[in-house]
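Peer 1: all I have is the shape, not the residue letters:
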């Protein structure tokens with residue numbers, strides 16, 4: 001029996017009683033109950049009978065972390081010291097560090113070790129309130145090593161109540177041992193068809209920037225992935241402006257991520273095509289590479305999400321409460337908009353429109369917090385105020 005089957009068998013009608021403050025993902029309500037049936041929100045109001053007693057506490061949707069690189073081996077903490085000495089992201093990569101260093105360690109690691117390391121990270125994420133997560137490959141950069149990472153992600157789905165969405169990021173950088181042309185052909189002709197055949201990923205992502213892939217190469221890979229039925233994402237406008245966010249939006253990408261150098265024209269294209277802007281404040285802080293034009297993004301009407309970008313080199317932060325606080329305190333995003341970004345916005349950025357909200361027919365993924373309102377999550381972001389976490393109406397953490 002799979003984990004999902006076990007959870008389905010345990011579904012019963014449940015009432016979360018005596019909620020003092022409820023943030024649903026699109027509105028705030030006070031002094032209400034939440035009626036849950038078959039793992040989904042059935043209604044909000046005041047209902048008779050017993051149930052889980054929230055005791056006047058705050059309830060919010062479970063966090064949706066829509067951009068992570070969770071499966072890897074090795075350590076790059078020494079690169080932090082290099083950056084503090086003034087060396088840039090590209091300087092470190094050219095000296096043998098960066099992504100390729102993690103690729104080398106991950107290639108050497110057996111699948112069971114990668115699984116064990118990633119499972120520990122997932123367990124910590126769960127305790128911190130993340131109930132849905134996207135995980136990318138991208139530290140293999142060969143046919144077999146990318147498949148190895150995606151199989152680890154598939155195994156993780158059976159070992160945790162957290163919902164996992166898999167993304168293929170074989171176009172992370174170009175591996176050192178082959179030519180650009182050969183590797184891009186390998187992605188298009190070998191890796192993508194095999195992933196589709198084994199149903200190992202929902203999305204294809206490309207890192208388009210200086211030191212990674214050109215906009216022409218990105219277009220070639222994204223079009224091939226789209227033809228095979230993959231949904232699309234891009235790492236866009238992080239270190240430089242390439243215009244890939246407009247390209248990706250016009251190809252129907254669900255999200256463009258990073259966006260430190262995005263332009264008004266790009267935002268217009270994203271708005272027109274319904275592409276979500278995924279903001280990654282932890283990475284901007286670690287790299288000291290500047291911030292996106294937040295006011296322009298918020299005023300554009302583009303849906304936003306905020307995610308961790310958890311990875312070993314440029315953002316080793318697993319905690320969405322800390323990332324949320326950085327979104328507010330570093331990016332200066334208002335608390336309400338930031339909360340939408342780590343819940344409903346995150347769901348939209350991975351094509352999971354039934355998660356990230358506590359409205360009718362959405363999955364009952366929620367966090368009970370011993371605080372009077374959601375502002376306190378940012379105000380005291382170092383404090384662990386979680387009392388209980390529910391996934392599809394079932395308690396998965398209770399303290």
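Peer 2: Alright, I've got the coordinates. These numbers come from a predicted model, not from an experiment. Numbering: from 1, shown residues only.

Peer 1: how about the residue nearest in space to the middle of the chain, what does it touch?
Peer 2: By Cα atoms, centre = their mean, the chain has its centre lying nearest to residue 66, at 1.8 Å. Contacts for residue 66 (Cβ atoms under 8 Å, 6 or more residues apart in numbering) come out as 133-134, 165, 255, 278, 305, 307, 345-347, 349-350. Backbone N, C-alpha and C define where each C-beta goes, glycine included.

Peer 1: now flag whichever of those is closest to residue 92.
Peer 2: residue 307 (22.7 Å; Cβ to Cβ).

Peer 1: what's the strand or helix carrying residue 348 in contact with?
Peer 2: Residue 348 belongs to helix 344-349 when assigned by DSSP states H and E. In this structure, residues lying in contact with helix 344-349 by Cβ under 8 Å, 6+ apart are 25-26, 61, 63-67, 132, 134, 254-255, 276, 278, 303-307, 353-357.

Peer 1: from residue 207, how far out is residue 235?
Peer 2: 4 Å (Cβ to Cβ, to the nearest Å).

Peer 1: what about the two, which has more around it?
Peer 2: residue 235 (29 against 23; other Cβ atoms under 10 Å).

Peer 1: give me the element the more buried one is part of.
Peer 2: Applying DSSP H and E, one finds residue 235 within strand 231-236.

Peer 1: quick one: list the elements packing against the helix or strand just after that strand.
Peer 2: Helices and strands here follow DSSP H and E; after strand 231-236, the next one along the chain is helix 244-250. Packing partners of helix 244-250 (3 or more Cβ pairs under 8 Å, 6 or more residues apart in numbering; DSSP states H and E): helix 215-227, strand 231-236, strand 255-258, helix 264-273.

Peer 1: hang on, the earlier thing: look up how far residue 48 lies from the residue nearest to the centre of the chain.
Peer 2: Distance, residue 66 to residue 48, by Cβ to Cβ: 38 Å.

Peer 1: after whichever strand or helix holds residue 36, which helix or strand is next?
Peer 2: Here residue 36, judged by DSSP H and E, is contained in strand 28-37. Using DSSP H and E, the helix or strand that directly follows strand 28-37 along the chain is strand 40-45.

Peer 1: in that next one, what counts as buried?
Peer 2: Judged by neighbour count using 16 or more other Cβ atoms under 10 Å, the buried positions of strand 40-45 are 40-42, 44.

Peer 1: ok, back up a step: now the helix holding residue 348: how far from the chain's centre is it?
Peer 2: With Cα atoms, centre = their mean, to the nearest Å as the basis, helix 344-349 stands 9 Å off its chain's centre.

Peer 1: tell me the mean pLDDT over it?
Peer 2: Model confidence over helix 344-349, given as mean pLDDT, is 98.
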